[in-house]
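K.L.:
Build me a model from this:
(one chain, ligands or ions: 1)
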Amino acid sequence: MPASAAEPVDYTLKVGDTRIPLNDLIGHPLRLDYDGVIRCIHCDRTTKKSFNQGYCYPCFRKLAACDSCIMSPEKCHYHLGTCREPEWGETHCMTEHVVYLANSSGLKVGITRASQVPTRWIDQGAVEAIPMLRVATRQLAGLVEVACKQHVADRTNWRAMLKGDVPELDLPAERSRLLGLIAGELADLRAEHGADALREVSEEALSLSYPVEVWPAKIKTHNLDKEPSVEGVLQGVKGQYLILDTGVINIRKFTAYQVRLQVFARA
Ligand SMILES: [Zn+2]
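P.N.:
Take a look at the predicted model:
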């Protein structure tokens, strides 16, 4: 049996300097009003458009966190001396990473910095996840992920994730199966980077539950760019999404948006 969090995931929403406990608001009507201002989460400059979920264009072009190797970690170029911010690279990339299997909308492979477990899994709305390997760097995690992608998905189908009827999987069995399938690639990587750099782990799976009272039957999305005022009764939170009775909203996408939140009494 996977280790299980007894309680559903606890969510807070940061509005300005306030952290609002979202779980307490489920069942309440909410209203979000976007006033048209976007402030870069790095430099606080106002920007017409948000790049990479919260940055202005100059920061998007300059920061290592916004480089294309973050999306494609196998392309890490730290070793070439061309990292945009080598110090950031040392703490975020040249450090232990976990290659994991998760069940978010079915089986998927993913990678994350070791310190981001289980935050990353919660972010993806995984109902269960299991570490597969612990590796020395982000690039190695990316290379293992590339090998895995021939056999399993690396994306979450967020519509399926938000439907709430994700079938159960035997993640320890899937882990053994996949490690067998990529044994050749792992041997090659160990030959090049050292046996200690890629360690298979037998850690337990973790199951996660989310505070959702009503699952959406049909998925409609809200978009603050098109509709600056969004209203609805909060029915749950999963992954990066608020589930309202009027539609879902990917709140991460609007991280840098200046938004006012109003909460009303339960109807
Ligand atoms: Zn900026």
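K.L.:
rest of the way, CA atoms for contacts and neighbours
P.N.:
OK.
K.L.:
how about the residues of the stretch 101-250 of the chain that lie near the ion?
P.N.:
By C-alpha under 5 Å from the ion, no residue of the stretch 101-250 of the chain approaches the ion.
K.L.:
need the helix or strand of the protein with the lowest average pLDDT.
P.N.:
Least confident helix or strand, the chain: strand 3-4 with a mean of 60, by mean pLDDT, DSSP states H and E.
K.L.:
Can you list the strands that whatever helix or strand comes next after it pairs with?
P.N.:
Downstream of strand 3-4, the next assigned helix or strand under DSSP states H and E is strand 12-15. According to DSSP bridges, strand 12-15 forms sheet pairs with strand 18-21 (antiparallel).
K.L.:
who touches the partner strand?
P.N.:
10-14 (C-alpha atoms under 8 Å, 6 or more residues apart in numbering).
K.L.:
can you count the residues close to the residue in the stretch 151-267 of the chain positioned nearest to the ion?
P.N.:
Nearest to the ion in the stretch 151-267 of the chain, going by C-alpha to the ion, is residue 256, at a distance of 10.4 Å. Residue 256: 24 surrounding residues under other C-alpha atoms under 10 Å.
K.L.:
tell me the mean pLDDT for the host helix or strand of residue 199?
P.N.:
Element membership of residue 199, judged by DSSP H and E, is strand 198-200. The predicted model assigns strand 198-200 a mean pLDDT of 98.
K.L.:
Which elements pack onto that strand?
P.N.:
Counting contacts by 3 or more C-alpha pairs under 8 Å, 6 or more residues apart in numbering; DSSP states H and E, strand 198-200 packs against strand 128-135, helix 183-193.
K.L.:
what's the offset of the last one from the middle of its chain?
P.N.:
In other words, helix 183-193. For helix 183-193, the separation from the chain centroid amounts to 28 Å (computed by C-alpha atoms, centre = their mean, to the nearest Å).
K.L.:
Ok, the first one next?
P.N.:
Its chain's C-alpha centre and that of strand 128-135 lie 15 Å apart, by C-alpha atoms, centre = their mean.
K.L.:
Sheet-wise, list the partners of that strand with their directions.
P.N.:
Applying DSSP bridges, strand 128-135 is found paired with strand 97-103 (antiparallel), strand 198-200 (antiparallel), strand 206-207 (antiparallel).
K.L.:
for those, which one ends up most surrounded?
P.N.:
Mean neighbour count, computed with mean count of other C-alpha atoms under 10 Å, is highest for strand 97-103 among those, reaching a mean of 26.
K.L.:
Please put the alpha-carbon coordinates of the very next helix or strand once past that one into CSV.
P.N.:
Next helix or strand after strand 97-103 toward the C-terminus (DSSP H and E): strand 107-113. The C-alpha coordinates for strand 107-113 follow below in CSV (Å, rounded to 0.1, in the frame of the first residue of the first chain):
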residue,chain,number,x,y,z
LEU,A,107,1.1,7.0,-16.0
LYS,A,108,3.7,9.7,-16.6
VAL,A,109,7.4,10.2,-16.0
GLY,A,110,8.7,13.4,-14.5
ILE,A,111,11.8,14.9,-12.9
THR,A,112,12.2,17.4,-10.1
ARG,A,113,14.8,18.8,-7.7
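K.L.:
And strand 107-113, what's buried?
P.N.:
Residues of strand 107-113 classed as buried under the neighbour-count rule (16 or more other C-alpha atoms under 10 Å) are 107-113.
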